[in-house]
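1. okay, here's the prediction I keep looking at, along with the sequence it came from:
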Amino acid sequence: MSNPSLLILPGDGIGPEVMAEVRRIIDWFGDKRGLAFDVSEDLVGGAAYDKHGTPLHDDTMARAQEVDAVLLGAVGGPKYDVLDFSVKPERGLLRLRKEMDLYANLRPAQCFDALADFSSLKRDVVAGLDIMIVRELTSGIYFGEPRGIIEEGNERVGINTQRYTESEIDRVARSAFELAMKRGKKLCSMEKANVMESGILWREVVTEVGKDYPEVELSHMYADAGAMQLCRWPKQFDVIVTDNLFGDLLSDAAAMLTGSLGMLPSASLGAPMANGRPKALYEPVHGSAPDIAGQGKANPIACVLSFAMALRYSFDQGAEAERLEAAVNKVLADGVRTADLLGEEGVQPVSTSGMGDAILGALDASL
Ligand code: NAD
Ligand code: IPM
Ligand code: MN
């Protein structure tokens, strides 16, 4: 049987820097665990625009549809701010999500013990935190029509439309209930049914799907109150399901509970392919971090943990995913810190590749 295939799209800014460390870890699993992948690499975002004049070449899109999983670094950067909206780096990522129909974006926020003091919240509030945000990723206001900037009278109007069909809500709700069944059997759905019709429908459909999961304790919260509760007492949550835009905001907020945006991985999953694996793209939650790009300062852990999610969700290698997560836990417990995780006195930060070295060392020690 041929090896599973992985398409790597490092992208822009710190994307290539963090991905270089993940490549070393992928090679480690091939050498030491007999888990070899057929890895190919291509361009996305500004890097693709620079070469092809588009943030995602059609050939890259086609390749992404064929492979077993895609791993993406980050896209965007100030250099591309002047570009027309249609060719901005972010459009490349949005096209991948939409055309691969990756409707369920899993964004776990886990607080590693060694980092409990790094959160801007008190240790008690975050220690032991382990929540999963399921963000709908292919619809809602990101994609709804009509959209655009139009002339109306003597001024311009910017328009975006929040739109959800019952089936779009149903499928992402099912993903969230399935996850809840494997975890703490609690699901909180967040919308604004008090002001938005799409929120009313969201609440109705999630409630209906919940009848198929009687063991899961379902609750509903307005998303603004949810944001407040996430900061007040995040451990009340197990799985959260929410729409595309609220999920974007809530997951960045949840990232800070864990100490740094540089820690948060994600998996974007679609329907199963012919081989039974879900269509999948794995990417850190953070962006291209232009303020630190090219300086060897980026924390590669979010991208490394995104590969751990690939091992778990695409390749059925849960035990190897745990091995990698345990290696990350060990280096953090040993006090290895990239600059974004500093806080203790007298601790010198390691570089991006220094963090990669430490994780590889911990992986070797796990054998
Ligand atoms: P950002 O996530 O790039 O950066 C926010 C802050 O977090 C910065 O101070 C940055 O230095 C820090 N940070 C982020 N990741 C880090 C890491 N791994 N290690 C250490 N520090 C890290 O968000 P932004 O500044 O709002 O956006 C910059 C660009 O990235 C924009 O063009 C935006 O559209 C894009 N973006 C892309 C993605 C993606 O590709 N998935 C996600 C978010 C933002
Ligand atoms: C994210 C990012 C993206 C989003 C952008 C870069 C398109 O913020 O993945 O969280 O808004 O979904
Ligand atoms: Mn975001």
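-> All right, it came through fine. Ligands and ions are numbered 1, 2, ... in the order given.
2. use CA for all of it now, contacts and neighbours both
-> Fine.
3. and Leu257, how far from Ala64?
-> 32 Å (C-alpha to C-alpha, to the nearest Å).
4. these two: which is more packed in?
-> Leu257 (28 against 24; other C-alpha atoms under 10 Å).
5. which parts of the stretch 201-350 of the chain are helices?
-> 223-232, 244-257, 301-313, 318-333 (DSSP state H, counting those that start in this stretch).
6. list the contacts of the third one.
-> When you say that, I think you mean helix 301-313. For helix 301-313, the surrounding residues in contact (C-alpha atoms under 8 Å, 6 or more residues apart in numbering) are 18-19, 21-22, 25, 69, 71, 73, 261-267, 278, 282-286, 317-322, 324-325, 328.
7. ignoring the adjacent residues along the chain, who's closest to Lys98?
-> Excluding its sequence neighbours, the residue lying closest to Lys98 (C-alpha to C-alpha, 6 or more residues apart in numbering) is Thr138, at 5.3 Å.
8. now do Cys111
-> Per C-alpha to C-alpha, 6+ apart, closest to Cys111 is Thr258, 4.6 Å.
9. just say helix, strand or coil for Thr138.
-> coil (DSSP: H, G, I helix; E, B strand; the rest coil).
10. quick one: low-confidence parts of the stretch 1-150 of the chain?
-> Within the stretch 1-150 of the chain, the stretches with pLDDT under 70 are 1.
11. re earlier: the residue nearest to Lys98 contacts Tyr103, doesn't it?
-> Yes: contact criterion C-alpha atoms under 8 Å: Thr138 and Tyr103 qualify, at 5.1 Å.
12. count the neighbours of Glu191 for me.
-> Going by other C-alpha under 10 Å, the residues that sit close to Glu191 add up to 25.
13. the chain should start at 12 in everything you say after this.
-> All right, first residue 12 from here; so that's Glu202.
14. get me the contact residues on this protein for ligand 2.
-> Glu101, Leu105, Asp259, Val296 (C-alpha under 6 Å from any ligand atom).
15. most neighbours of all those, which one?
-> Val296 (23 neighbours).
16. can you tell me how far that residue is from Arg182?
-> From Val296 to Arg182 the distance is 22 Å (C-alpha to C-alpha).
17. if we can go back for a sec, overlap in contacts, Thr149 and Tyr114.
-> Joint contacts of Thr149 and Tyr114 (C-alpha under 8 Å, 6+ apart) are Arg108.
18. taking the stretch 112-261 of the chain, what residue is nearest to ligand 2?
-> Asp259 (5.2 Å; C-alpha to the nearest ligand atom).
19. what helix or strand does the residue nearest to that residue when sequence neighbours are not counted sit in?
-> Sequence neighbours aside, Arg146 is the residue nearest to Asp259 in space, at 7.3 Å (criterion: C-alpha to C-alpha, 6+ apart). Assigned by DSSP states H and E, Arg146 belongs to strand 141-147.
20. tilt between that strand and helix 255-268?
-> Strand 141-147 and helix 255-268 are oriented at 160 degrees to each other (axes from the mean of the first three to the mean of the last three C-alpha atoms, to 10 degrees).
21. for strand 141-147, name the packing helices and strands.
-> strand 115-121, helix 177-193, strand 250-253, helix 255-268 (3 or more C-alpha pairs under 8 Å, 6 or more residues apart in numbering; DSSP states H and E).
22. would you agree the residue nearest to Asp259 is in contact with Leu260?
-> No: the pair Arg146 / Leu260 is not scored as a contact, 10.0 Å apart, by C-alpha under 8 Å.
23. buried stuff in stretch 133-147?
-> For stretch 133-147, the buried set under the neighbour-count rule, 16 or more other C-alpha atoms under 10 Å, comprises Arg134, Val136, Val137, Ala138, Leu140, Asp141, Ile142, Met143, Ile144, Val145, Arg146, Glu147.
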